[in-house]
Every structure is written in C-alpha cells, then in structure tokens.
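A.B. asks: Quick check, what structure comes out for this input:
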Amino acid sequence: MADDREESLEKRRAQLGAKLRAKRIDAGEDEANEARAEVSRKGYAEAMKLSSEFISAIVVGALLGYLLDRFVGTAPWGLIVLLLLGFCAGVLNVLRAAGKVAKPEPGEAENGKK
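C.D. replies: Below you'll find the predicted structure:
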C-alpha cells in the first residue's frame with residue numbers, strides 16, 4: 001500500500017514536472033513575441049511623431065502666412081513665403097529628430113566668431 005502511494009506520487013510529480021516544462025516553454029515564446037511587438041510599437045510611435053512634426057510645421061506656416069496676408073494685405077505672397085518656410089522647418093525638424101542633422105549647440109555661434 002505504501003508502495004502504491006509512492007508510485008502514484010512519483011507519477012504525479014513527473015506529470016507536474018512535464019506540465020511545468022511546457023508552461024515555461026510557452027512563457028519563453030510569449031516573451032519573445034512581446035519583445036517583437038514592443039519593437040514594432042516603438043517604430044510606429046516614432047513614425048507618428050515624425051509625421052505630426054512635419055505636418056504641424058506646414059500648418060503653422062500656412063496659418064501665419066494667411067494671417068499676415070489678412071492684416072497687412074500682401075495676398076498671396078505672405079501665404080506662399082511662410083508656407084515654404086513652414087515646409088523647410090518641417091523637413092529640418094524631421095531630419096533632426098531622425099538624427100541625420102545635428103542639433104545646434106547653444107554657444108556654438110559665439111565660439112565660431114571668437
């Protein structure tokens with residue numbers, strides 16, 4: 001009778017060990033999938049940030065140009081010039097954020113003149 005209990009206990013330990021190994025393998029796969037998803041989410045967030053910076057610079061340039069034309073009466077030149085400046089500012093912001101163009105240092109202009 002004690003042998004039967006020992007055998008059933010060993011069988012149960014073996015079954016539980018097998019289940020634990022299977023769960024650990026599944027957990028490792030889940031962690032790998034989560035890591036890949038995290039990388040994908042970071043890329044998507046970066047793309048959204050860059051596109052919103054670009055679009056907002058253009059919209060601000062167009063709005064300022066419209067307001068300038070409206071109050072000064074230089075239509076359509078203020079809109080055209082400031083829209084182009086907004087486009088250039090948007091491209092520069094995207095390049096800076098992507099790391100293709102270095103950000104200017106605060107005291108860089110003063111150091112170059114000395």
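A.B. asks: which secondary structure elements does the helix or strand where residue 51 lies contact?
C.D. replies: Using DSSP states H and E, residue 51 sits in helix 2-72. Packing partners of helix 2-72 (3 or more C-beta pairs under 8 Å, 6 or more residues apart in numbering; DSSP states H and E): helix 77-98. Yep, even glycine has a C-beta here, placed from its N, CA and C like the rest.
A.B. asks: Local confidence estimate at residue 114?
C.D. replies: Residue 114 carries a pLDDT score of 47 in this model.
A.B. asks: how far does stretch 56-76 sit from the chain's center?
C.D. replies: Relative to its chain's centre, stretch 56-76 lies at 31 Å (C-alpha atoms, centre = their mean, to the nearest Å).
A.B. asks: next one: stretch 27-38
C.D. replies: Distance, centroid of stretch 27-38 to centroid of chain: 19 Å (C-alpha atoms, centre = their mean).
A.B. asks: Can you list the buried residues in that stretch?
C.D. replies: Within stretch 27-38, no residue counts as buried by 16 or more other C-beta atoms under 10 Å.
A.B. asks: circling back to that earlier point, tell me the angle of the helix holding residue 51 relative to helix 77-98?
C.D. replies: For helix 2-72 against helix 77-98, the angle by axes from the mean of the first three to the mean of the last three C-alpha atoms, to 10 degrees is 150 degrees.
A.B. asks: Just give me how far helix 2-72 sits from the chain centre.
C.D. replies: Here helix 2-72 shows a centroid-to-chain-centroid distance of 12 Å under the convention C-alpha atoms, centre = their mean.
A.B. asks: Okay, residue 77 and residue 67: tell me how far apart.
C.D. replies: 13 Å (C-beta to C-beta, to the nearest Å).
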